[in-house]
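> attaching a predicted model along with its sequence, questions to come.
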Amino acid sequence: MASSFLRSGLLFAALAAAGTTVTSAGRAEPGDEALSFARALFVQAERDEDAGHWADARARLEQVAKMKLTAGVRYHIALCDEHLGRVATALAGFTAARDEAIAENAQDVLRLVGQETSPLVARVPRLSIRVSPAVAGTHVTLDGAVVPPEQIGATVPVDPGLHRVEATAPGRAPTRMEVTLNERDVTFLDVVLQPTAVPETTGSRAAGADAALAPHPPPASQAGPNLVAPVVMTAAAIALAGAGVGAYLAAGAAHDDAVEQCKQSYTFAPDACDSLKQPVRTWDWLAAGAWAGAAVSATVAVVLWVQKSGPARTGSGQLVFGPGSIGAIGSF
C-alpha cells in the first residue's frame, strides 16, 4: 500500500510540474486541460502497472513525457522496460531518473531508483564487438545505431534478444552478423573484415586477352596419347590369334594320330575310335575360343587406336569370359 501511495505521489508531483510549465506560457485554460489529461494518463498508467499491462502503461507514460519529462516519469518508464525484459534500456532509464532526481531533489524517486538498480545490474547482458584487422575509417553499427569508435572492443550493456551488427571499412567487403543474447550473458563477437575484389583495369584486361590468345601447352592428361591400352589390346589380339593357330595345328595332329590308331584298333575294339575324337574336339574348341578372343581384342584395339588419333573422349570396356564364349562390353 505504501508503494502504491508513493508511486501516486510521484505521478502527481510530475503532473504539477507539467501544469506549471504549460501555465507559464500564459495560457491558463490550455494548461488546466493538459494537466487534467496528463493526470488521467498517469492514473491509467498506474492501473496498467498494477494489472501487469506494462506495454500499455509505457505507451501512456510516453505521452505524458512529451508534456513534461520529470524524474518520476523517467522512473516509471524504466520500470516498464524492466518488466518488458529490456533490462539494459531499463538500467539506463533508472540512471537518468536518478540524475534528474538529484537535480530536482526528488528524494522519493532516489529511494525507488536505488531499490531497482542494484539487482538489475547483474541481469544485463553485455556485448563486445571486436573488429579485425584494424582499418582506418571502420564504421560499425549495432541494430542500426552507430557504435562510437571508443566502444569498439569494449563491453557494453545491451538488451536480451537478437542483435544485428554491420561493419564497413575502406577496401573491405561489408560484413553483417547476428548474435542472440540472454540475461547475464557476456559475449565477444569477432568481426573479420575481408578484402574486396580488386577491380580489373584496362591493362590487366589487355594482358589477359594476350594470355588467352597465346598458345598454351595441353594439360598433362592430354600432352600425349596414352598408348598402353591400345598396345596391350593389339598384343593380346596377336597372341590369341597365334594361340588359335597353334590349337588348330594341334587339333590336326591329334586328328591324324586318331585316324592311325583307329585303323589299328578297329578290328579289336570298335568303340576305341570314339574316345580318340575327344582330344581333337578339345583342340578345336581351344582354337575357336582363341580366335574369338583375338577378334574381340582386335576390335577393342582398333577402337582405342581411333580414340587416340581423334578428339579426346572418355570410354570404358572390359572382356567377359564364359563357358565356351568370350565377349567385350563397354562404352567408347
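Perfect, thanks for sending it.
> can you list the domain ranges for the protein.
Domain segmentation of the chain under automatic domain parsing yields 2-121, 126-192, 225-331.
> just name the most buried of those.
Burial of the domains of the chain is given as mean neighbour count (mean count of other Cβ atoms under 10 Å); domain 2-121 ranks first at a mean of 18. C-beta here means a position set from N, CA and C on the backbone, and glycine is covered the same way.
> next, format the domains of the chain as JSON lines and append mean pLDDT.
Converted to JSON lines, these look like this (pLDDT from 0 to 100):
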{"stretch": "domain 2-121", "mean pLDDT": "80"}
{"stretch": "domain 126-192", "mean pLDDT": "96"}
{"stretch": "domain 225-331", "mean pLDDT": "68"}
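> give me the contacts around whatever helix or strand R164 lives in.
Using DSSP states H and E, R164 falls within strand 161-168. Strand 161-168 has contacts (Cβ atoms under 8 Å, 6 or more residues apart in numbering) with 85, 127, 129, 131, 138-144, 174-181, 189, 191, 193.
> and the closest residue to A241 other than its chain neighbours, how far from G242?
In this structure, A241 finds its nearest non-sequential neighbour in A294, 3.9 Å apart by Cβ to Cβ, 6 or more residues apart in numbering. Per Cβ to Cβ, to the nearest Å, A294 is found 8 Å from G242.
> so which residues of the protein form strands?
Under the criterion DSSP state E, the chain carries strands at the ranges 126-132, 139-142, 145-146, 155-157, 161-168, 175-181, 186-192, 316-322, 325-331.
> strands paired with the first one, and their directions?
Spelled out, it's strand 126-132. Here strand 126-132 has these sheet partners by DSSP bridges: strand 155-157 (antiparallel), strand 186-192 (parallel).
> those strands: which one's closest to W54?
Closest approach to W54 among the strands paired with strand 126-132 is made by strand 155-157 (20.1 Å; Cβ to Cβ).
> need the contact partners of the closest one.
Residues from elsewhere that reach strand 155-157 (Cβ under 8 Å, 6+ apart): 88, 91-92, 124-128, 186.
> how does it look with 10 Å?
87-89, 91-92, 121, 124-129, 142, 147-148, 186-188 (Cβ atoms under 10 Å, 6 or more residues apart in numbering).
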